[in-house]
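Colleague: Dropping a prediction and its sequence here:
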Amino acid sequence: MDFSTFVKSELSLRKPQGKERSYIEPEYFEESTQHTILHGFRSRQQKAELIRWICVPYFSVEEGSSIARSAINPPIFLNTGYLTEGKYFQVAQLWCIIFGDSTLITCARKSMSDLPQHEIKIKALPPANLERRAVGDRSPIIVVSDGGIRTWLFPVEDCKTWVEFIAHFTELSVDFPNSWDLLYKNTKLRRKDWPIFISHAQRSSVRLLIQKNEENNESADDSNESDDSSILGDDDDVHGPQSNATEGGKPDIFPPMKMKAQSAETEFGTNNAGRSAKPIDTWHVFTAQHTLTVDSDDIDHYLASKNKRLGESTAYVECPTKTFQEVKDYVSSLGSSEHMDLDNVSTSELHLLKAAMNILSLFFPLHYEHKITQKYWGAIDRILRESSQRSPRFLRVVWDVRRTSRTVRDLKDLFSSYTPAENQIEAPWEFMRAWMFCLMYFILYSTEGAGKSPSYQLRCRALLRKGKSKVLQGLQIMRLRDREAVSPLGISSLLIFGLLRDLRDRPVSFTVAARYWRDIQQLTTEIQDNPLGRGYLDVLMSLKRDIDTIIIALEQQQRVLDSLTHSIKESDAKRVPAQNTNKLNGEGLEARVAGLSLRATEEALQSFIEMSGRVTELESWVVFLRLFYKARS
C-alpha cells in the first residue's frame, strides 16, 4: 500500500465531532494487488487484481405513504443507521469493496430486484444438470474481458468451434489473430488450441482476455492501402449502366448473388467424381446462381479492355496461360519423385503452390477451366520458373501469399460451419474485388508494374476481412450488447444511483431542496408582514445549520463521484473499439450512471449554495431591522 492510500485509510478511521454511530470518511480509491493461485503441486499462476473502495454519503427522507402527507407535517424517518440529521433529512453512508470484476461486498440492504430494471436484465444461468437441480451447479460459460470493465458471457454450446466464437465479435473491429490476441491464463489461443480449450470450458467456466497485438501491424497497413481505385475506379462499371452502386458510393462489380455450397466435381463433371470433396472446399464465391461463366467472362473483359490502367491491362493480355495440372506437374518435377506427395513437402515452391490452390478454391472450383484461371496459373508458373528458390524476393512472395491463404482458410471454415440454408445471403462485393487484386498481384510480379504488386496482397486481405465481417453480420443471431455482463462496479454505480433518488425517481437532494426553499419563502413572507417578530434568528440559525450540513455531504458526494467517474472512464478507455456507430460504441452502463449521479449532485450543490446565500441575506436583514427599530425607539 502506498503512502497516499495509507493516509486515506487512516483518515477513514477517524470520527469527526457531531457524527453519530459508525462513521467512515467518504472516499474512493483503488489499488492493484498480485497474488499467487495454486493449480496443483507445481502449477502456480500470478494474478493481478484491482481492489476498489467506495464510501459515499446519501440522504434519506420520509418513506412510504408519508410522502403524500401534508408538507406542513414533519417527515417520518425509517432509517436508524444515520450519521446526522436535519429537519427534513437524515445522512447515511453506503460503502462497497470490489475485488476485480467478480466480487462485491457492500452494506447496502438491497436485493437484485431493487436495481433499475430498465438499465439491466437479470438472467439466471440454467442448471448444469437438469435432473440434479439440488446440486446447484450452473452451466459452464465463457467469460470474455476486454481488459477494461467490459465483460461478455457466452454459453459453451454457442462456441463449439473457433469460427462460431469469433462470429460473436463482428460488431467490433476485432480480427483474431491478425491484430488482436485471445489470452487464456496469459497464453495466446490459436485456432488449433480451440478444441482443447472447449474441453476445459465444458467442465467449468473459463475466462478469456482480448488484447491488442502490438507486434502485428497488418491491420494498420491494410487500412492505409484500402483504396482499391487502381484496379476498379469509382466510375468504372463492368456491367454497363445497369450496375448498381454499393455502400460508400463504390460500384458493385456484380449483381447481388446468393451464396451456395456446390461440389466442383459434380458441377463440372471432372474425372474425380468418385472422390468426396472436403466440406470447406465446396464453397466458392463465383458458383452462386449458376452464373460462373458469365461472371468469369465479365472479369476477363474488364481486365483486358476496360481497365483504365493501360499497364495493368497490357500485362493481363500478355500473361501466359497454364492449367492447374500443368503447374502441379512442373512443381512435382522439381522433387526427387515424379509423383511427389504435396502434403509431405516443405520446399518454397510447394508452399507457394499449396497456398495458391487454397486461395483459388475460395473463388472457383480447383479444376475450373477458364481464361482468368488459366492466367492465374500462368502467372504463378512464370514466377516459379523465373525466380530463384532462395532469393529474398521469392521468399517474400511465398510468405505474403501464405498469409492470404490463412485469411482464406478462415472464410472457408466460416462457410462450412453453417448449412446451405443459413448461407443464403448476398455475396459482398469485397470478395469480387479481392479476387481481382489477387490475380493482378501474380500477373504484375514479372512486369514493370511489380512495384505496386506487394500492396495488392494487403488490399486483398483487407477486402476479404471486410467481406467476412459483412457475412458474419448477416448470420449473427444475438447482439453482443445482449451478452454483456454487468460488472460489480456497475452494480455499485446502480446502488449509488438508486440511493440518491426518491420513490418518484427524482434526486432526493432536489426533494430536500424544495422543502427548504419553501421554508425560506414562508419565513421571508413572515418577516415582511411582521418585521418585529421574535424567533427569526433562531429559525435562521437552524436553517443555516441544516444547509451547511447538506453542503458538506454534497461536497463529499461530489468528490467521491468525481473520482469514481474518472476511474470508470479510464477503465472504459481500454475497451475494444467498435467500428460502427451504434450503442456499443457509446458510454457504458457504469460511466453513464455515475455521470448522471455526479451531474445531479453538482446541480443540488449549486442550489444549496444559493440557498445558503439567501439565508445569510435574511439574517443580515433581520439584524438590520432590529438595529433600525431600536435606534428609532
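Modeller: Yes, it's here.
Colleague: What are the contacting residues of stretch 315-333?
Modeller: 303-304, 307, 338-340, 342, 349-350, 353, 357, 360, 366-367, 369, 371, 373-375, 377-382, 384-385, 440, 443-444, 447, 449 (Cβ atoms under 8 Å, 6 or more residues apart in numbering). Backbone N, C-alpha and C define where each C-beta goes, glycine included.
Colleague: could you flag which of those are buried?
Modeller: For those, a neighbour count by 16 or more other Cβ atoms under 10 Å gives the buried set as 303, 307, 340, 349-350, 353, 357, 360, 366-367, 371, 373-375, 377-382, 384, 440, 443-444, 447, 449.
Colleague: What about those residues, which are in helices?
Modeller: Among the buried ones among the contacts of stretch 315-333, the residues falling in helices (DSSP state H) are 349-350, 353, 357, 360, 371, 373-375, 377-382, 384, 440, 443-444.
Colleague: Phi and psi next, for Gly535.
Modeller: The phi/psi pair for Gly535 (degrees, to the nearest 10) reads phi 90, psi 0.
Colleague: give me every residue that touches it.
Modeller: By Cβ under 8 Å, 6+ apart, no residues touch Gly535.
Colleague: 10 Å instead?
Modeller: Residues in contact with Gly535 (Cβ atoms under 10 Å, 6 or more residues apart in numbering) are Glu526.
Colleague: part of a strand, is Lys123?
Modeller: No: membership of Lys123 in a strand is not supported by DSSP: H, G, I helix; E, B strand; the rest coil, which gives coil.
Colleague: What about it, how many residues nearby?
Modeller: Counted with other Cβ atoms under 10 Å, residues neighbouring Lys123 total 9.
Colleague: same deal with Ser60?
Modeller: Quick note: Ser60 (other Cβ under 10 Å) scores 20 neighbours.
Colleague: So it versus Leu495, what's the distance?
Modeller: In this structure, Ser60 and Leu495 are 14 Å apart, going by Cβ to Cβ, to the nearest Å.
Colleague: Buried residues, the strand ranked longest in the chain. List them.
Modeller: Assignment by DSSP state E gives strand 44-60 as the longest strand of the chain. By neighbour count on 16+ other Cβ under 10 Å, the buried set for strand 44-60 is 50, 52-60.
Colleague: Let me see the mean pLDDT of stretch 144-164.
Modeller: For stretch 144-164, the mean per-residue pLDDT is 83.
Colleague: Show the end-to-end separation of that stretch, please.
Modeller: Length of stretch 144-164, first residue to last, Cα to Cα, to the nearest Å: 14 Å.
Colleague: residue boundaries of the strands in the stretch 1-150 of the chain?
Modeller: In the stretch 1-150 of the chain, the strands defined using DSSP state E, counting those that start in this stretch lie at 27-38, 44-60, 84-85, 90-99, 103-106, 141-145.
Colleague: The ones you listed: which one's closest to Gln521?
Modeller: Nearest of the strands of the stretch 1-150 of the chain to Gln521, taken as Cβ to Cβ: strand 44-60 at 21.0 Å.
Colleague: isn't Ser204 right next to Pro140, touching?
Modeller: Yes: using Cβ atoms under 10 Å, Ser204 is in contact with Pro140, at 5.7 Å.
Colleague: Where does pLDDT dip in the stretch 301-450 of the chain?
Modeller: 335-346, 389-390, 415-427 (pLDDT under 70).
Colleague: The same query, at a cut-off of 80, please.
Modeller: Low-confidence segments of the stretch 301-450 of the chain (pLDDT under 80): 334-347, 387-390, 410-428, 448-450.
Colleague: Please apply the same query to the stretch 451-600 of the chain.
Modeller: Ranges of the stretch 451-600 of the chain meeting pLDDT under 80: 451-454, 469-482, 501-506, 532-533, 572-589.
Colleague: Next, format the buried residues of strand 44-60 as a markdown table and append pLDDT and distance to Cys319.
Modeller: Formatted as a markdown table, these follow (pLDDT from 0 to 100; distance: Cβ to Cβ, whole Å):
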| residue | pLDDT | distance to Cys319 |
| --- | --- | --- |
| Leu50 | 86 | 59 |
| Arg52 | 91 | 64 |
| Trp53 | 92 | 70 |
| Ile54 | 93 | 69 |
| Cys55 | 92 | 74 |
| Val56 | 92 | 72 |
| Pro57 | 90 | 78 |
| Tyr58 | 89 | 76 |
| Phe59 | 86 | 80 |
| Ser60 | 80 | 82 |
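Colleague: So if I had to pick from Ser204 and Pro140, which one is more boxed in?
Modeller: Legend: neighbour count by other Cβ under 10 Å for Ser204 and Pro140, higher for Pro140 (18 against 10).
Colleague: if I look at the more buried one, how far off is Ile496?
Modeller: Note on Pro140: its distance to Ile496, by Cβ to Cβ, is 33 Å.
Colleague: got the angle for the host helix or strand of Glu603 vs strand 44-60?
Modeller: Assigned by DSSP states H and E, Glu603 belongs to helix 589-632. For helix 589-632 against strand 44-60, the angle by axes from the mean of the first three to the mean of the last three Cα atoms, to 10 degrees is 30 degrees.
Colleague: which strands and helices sit next to helix 589-632?
Modeller: In terms of contacts (3 or more Cβ pairs under 10 Å, 6 or more residues apart in numbering; DSSP states H and E), helix 589-632 is packed against strand 44-60, helix 488-499, helix 508-529, helix 536-572.
Colleague: Give the partner strands of the first one in its sheet and their orientations.
Modeller: Pointing back at strand 44-60 there. strand 27-38 (antiparallel), strand 90-99 (antiparallel) (DSSP bridges).
Colleague: Arg190: which of those is closest?
Modeller: When these are ranked by proximity to Arg190 (Cβ to Cβ), strand 27-38 comes first, at 23.8 Å.
Colleague: quick one on the thing from earlier: make JSON lines from the buried residues of strand 44-60 and add distance to Pro26 to it.
Modeller: JSON lines is the format used below for those (distance: Cβ to Cβ, whole Å):
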{"residue": "Leu50", "distance to Pro26": "20"}
{"residue": "Arg52", "distance to Pro26": "14"}
{"residue": "Trp53", "distance to Pro26": "11"}
{"residue": "Ile54", "distance to Pro26": "9"}
{"residue": "Cys55", "distance to Pro26": "5"}
{"residue": "Val56", "distance to Pro26": "6"}
{"residue": "Pro57", "distance to Pro26": "5"}
{"residue": "Tyr58", "distance to Pro26": "10"}
{"residue": "Phe59", "distance to Pro26": "13"}
{"residue": "Ser60", "distance to Pro26": "16"}
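Colleague: Thr84: which of those is nearest?
Modeller: For these, the nearest to Thr84 is Pro57 (9.3 Å; Cβ to Cβ).
Colleague: Contact partners for the closest one?
Modeller: Counting by Cβ under 10 Å, 6+ apart, Pro57 has contacts 23-24, 26, 83-84, 91-94, 499-500, 552-557, 560.
Colleague: ok, now how distant is Arg599 from Leu384?
Modeller: Look at Arg599 and Leu384: by Cβ to Cβ, they are 68 Å apart.
Colleague: Thank you, goodbye.
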